[in-house]
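*Asks:* Just need the structure, nothing else, for what follows:
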Amino acid sequence: MFLDGDGAEVDWVVGYGPPPEKFQEKLAKIMAGGETFKDLKAAWAKNPKDAAVAFKLARKYADRFDNAKTADLYKEVIALDPAGKSGNYTNEYTKVTVPYAEFAAFQVASQGLSDDPPTVKPLRAFLDKHPNTPLAKDVYGRMGSYYSRFASKEEAGPFFEEYAAKFPEDPSILDQWLARIIKDKGPYDKGVQLAEKIQKARRIAYPDPYQNVAELYFLQGDKAKAEDVYGKEFIENQIFYLAYNMIGYANYWIGKDENKDSALAMAEKALAMQPDNSYFVQQVAGVYLKMKMDDKALAIFGPAFARKNEKDASALSSYAMFWSGQGKNLEGALAAAKKAVDLKPAQYYNWVTLSGVQDKLKNSAEAVKAMEKAIELAPESIKDYYKKSLEKLKAGAEKK
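*Replies:* Numbers count the residues shown, from 1 in each chain. Model prediction:
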């Protein structure tokens, strides 16, 4: 709340929205003046025919949930500017832009949802008057709340059919429809169709749709399907994908040499969520190395890791390749590569890894021998690729 020297209200900001820089911009704009509540109120008193001022003042009252004053001012906007020429409003969240008068009409129409009893007739009338409005999804969303809670079963079905057809790219609408079917205890055949579509979409990060699908199956007595949709596998997958995204975030910002504290924090959280997954261990070790934290990298992906995985040829080969690429911990990498070859001597890529480590250690003759063995074991389709690598190794050995 901003007050002047006399204690009168200048302006306000309700709630905090990150990032802090954006919030600070709002505060700075208020301090600069020009379109504060106090400024707009004075301008409206001076010229009560200015639709743009009326709209901006209505938005100020809306921020404070003063519904009566907001509604009165919106009605003034509609009356003063029926053609919608006084200016445009852009929603900062949806980025939808419409004339002041059109947005005011939408808000006035939405008041029907607060009537006793609630009604969607004004919103329907708004759509009839503005058939191509960019606010269509907002209008249907508000009508959806009515049909979810107040409409009869017979009314709800056709509405959600219309709603889903209007915005087929949004699976959250299907969830809203399914929730209504669950509330009505049917029709279950339609509910199953929706459940299958929701599962195929797999684009919704929040869990409600899966809860609803599980609930549908429970109502039908099929607990096994409910568990399959929303059980242990579901939550483990959610944890994995979250950790995977955190690692992607960390690598992105570390690669940019920016936002490093946040990147490191996310990498460590990902590892805490997937402590036994060697992929995440290796990725976080890479982050540590880029942050010049070699000791931490070795602590999680060093000798202890190699000992723990001493019977896993794949893990040892990946370990050796990682450190060979870093040019560090090469003796440990060599031991791991040799162990991988001992465990799985018929796998050509273990010999490729061993060749790479020997080359980094400048053991040219050993690097050549390992690559020759890799070529012997490799599929015909890729032998030529490794033959080129062998030629480079031999050329390097001859120079020495």
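*Asks:* which residues of this protein score low on pLDDT?
*Replies:* Low-confidence segments of the chain (pLDDT under 70): 18, 202-208, 400.
*Asks:* Please parse it into its domains.
*Replies:* 2-220, 231-300, 302-400 (automatic domain parsing).
*Asks:* ends of the shortest one, how far apart?
*Replies:* Length of domain 231-300, first residue to last, CA to CA, to the nearest Å: 31 Å.
*Asks:* Next, please give the residue ranges for the helices of the stretch 251-400 of the chain.
*Replies:* For the stretch 251-400 of the chain, the helices defined by DSSP state H, counting those that start in this stretch cover 260-273, 278-290, 294-301, 303-308, 313-326, 330-343, 348-360, 364-377, 380-399.
*Asks:* With mean neighbour count and distance to residue 43 as extra columns, can I get those helices in TSV?
*Replies:* In this view, the C-beta of every residue, glycine as well, is placed from N, C-alpha and C. What follows is the helices of the stretch 251-400 of the chain, written out as TSV (neighbours: other CB atoms under 10 Å; distance: least, CB to CB, whole Å):
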stretch	mean neighbour count	distance to residue 43
helix 260-273	18	43
helix 278-290	21	54
helix 294-301	18	60
helix 303-308	14	68
helix 313-326	22	65
helix 330-343	20	73
helix 348-360	24	73
helix 364-377	19	79
helix 380-399	13	74
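*Asks:* Out of the ones you listed, flag the one nearest residue 253.
*Replies:* With CB to CB as the criterion, residue 253 lies closest to helix 260-273 of the helices of the stretch 251-400 of the chain, at 3.9 Å.
*Asks:* which helices and strands sit right next to the closest one?
*Replies:* helix 232-256, helix 278-290 (3 or more CB pairs under 8 Å, 6 or more residues apart in numbering; DSSP states H and E).
*Asks:* distance between the last one and the chain's centre?
*Replies:* In terms of CA atoms, centre = their mean, to the nearest Å, the centre of helix 278-290 is found 23 Å from the chain centre.
*Asks:* contacting residues for residue 298?
*Replies:* The contact partners of residue 298, by CB atoms under 8 Å, 6 or more residues apart in numbering, come to 285, 329.
*Asks:* run the last query once more with 10 Å
*Replies:* 285, 288, 289, 304, 305, 323, 328, 329, 332 (CB atoms under 10 Å, 6 or more residues apart in numbering).
*Asks:* How about residue 364?
*Replies:* 358, 393, 394, 395, 396, 397, 398, 399, 400.
*Asks:* and the gap between the closest residue to the third one other than its chain neighbours and residue 342?
*Replies:* Spatial nearest neighbour of residue 394, chain neighbours left out: residue 368 (5.9 Å); criterion: CB to CB, 6 or more residues apart in numbering. When distance is defined by CB to CB, to the nearest Å, residue 368 is 20 Å away from residue 342.
*Asks:* Check the offset of stretch 99-113 from the chain's centre.
*Replies:* 31 Å.
*Asks:* Skipping adjacent residues, who's closest to residue 268 in space?
*Replies:* Among residues not flanking residue 268 along the chain, residue 284 sits closest, at 6.8 Å (CB to CB, 6+ apart).
*Asks:* Which neighbouring residues are in contact with that neighbour, exactly?
*Replies:* So residue 284 contacts 246-247, 250, 264, 266-272, 274, 296-297, 300-301 (CB under 10 Å, 6+ apart).
*Asks:* Residue 90 contacts residue 135, doesn't it?
*Replies:* No - with contact defined as CB atoms under 10 Å, residue 90 does not reach residue 135; the gap is 11.8 Å.
*Asks:* Give the residues shared as contacts by the two.
*Replies:* 96, 97, 98, 103.
*Asks:* If you rank those residues by neighbours, which is first?
*Replies:* Most neighbours among these, by other CB atoms under 10 Å: residue 103, with 26 neighbours.
*Asks:* what residues are up against that residue?
*Replies:* So residue 103 contacts 55, 58-59, 74, 77, 84, 88-91, 96-97, 133-135, 138 (CB under 10 Å, 6+ apart).
*Asks:* between those residues, which is nearest residue 192?
*Replies:* Once CB to CB is applied, the member of those that ends up nearest residue 192 is residue 138, at 29.9 Å.
*Asks:* Name the SS class of the closest one, please.
*Replies:* helix (DSSP: H, G, I helix; E, B strand; the rest coil).
*Asks:* what about it, distance to residue 375?
*Replies:* Counting by CB to CB - residue 138 and residue 375 are separated by 64 Å.
*Asks:* Next: residue 248.
*Replies:* 35 Å.
*Asks:* Ok, residue 176 next?
*Replies:* 60 Å.
*Asks:* just residue 339 next, same as before
*Replies:* 22 Å.
*Asks:* And for residue 199, the neighbour number?
*Replies:* Quick note: residue 199 (other CB under 10 Å) scores 14 neighbours.
*Asks:* Please consider this matter closed, and thank you.
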